[in-house]
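1. Okay, sequence plus prediction incoming.
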Amino acid sequence: MTGRAVMSLGLGTNDVSRLAPGLYFVREQPKLNYHEQTTRAVAIVK
């Protein structure tokens, strides 16, 4: 699967109102170990 970065998220509240409705994949990457990343699917519905 290929994709493109649409937004960088940070800790706390993130404003995703500019994103089009759809299914997005969020990759959580810990700072200490690059190999232990997690990917989650997030649905944006308006």
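-> That came through fine. The model shown is predicted, which means the values in this text are computed figures rather than measured ones. Residues are numbered from 1 along each chain as shown.
2. Please make it C-alpha for all contacts and neighbour counts, starting now.
-> Will do.
3. Could you check how far the residue located most distally from the centre of the chain is from Gly10?
-> Computed with Cα atoms, centre = their mean, the residue of the chain farthest from its C-alpha average is Leu32, at 18.7 Å. Look at Leu32 and Gly10: by Cα to Cα, to the nearest Å, they are 16 Å apart.
4. Look up the pLDDT of the residue farthest from the centre of the chain for me, please.
-> What the model reports for Leu32 is a pLDDT of 73.
5. What of Ala43?
-> With respect to pLDDT, Ala43 has a value of 92.
6. any idea which helix or strand carries it?
-> Ala43 belongs to strand 38-44 when assigned by DSSP states H and E.
7. can you list contacts of that strand?
-> Strand 38-44 is touched from outside by Leu19, Ala20, Pro21, Gly22, Leu23, Tyr24, Phe25, Val26, Arg27, Glu28, Gln29, with contacts defined as Cα atoms under 8 Å, 6 or more residues apart in numbering.
8. try 10 Å this time
-> With contact meaning Cα atoms under 10 Å, 6 or more residues apart in numbering, strand 38-44 is reached by 16-17, 19-30.
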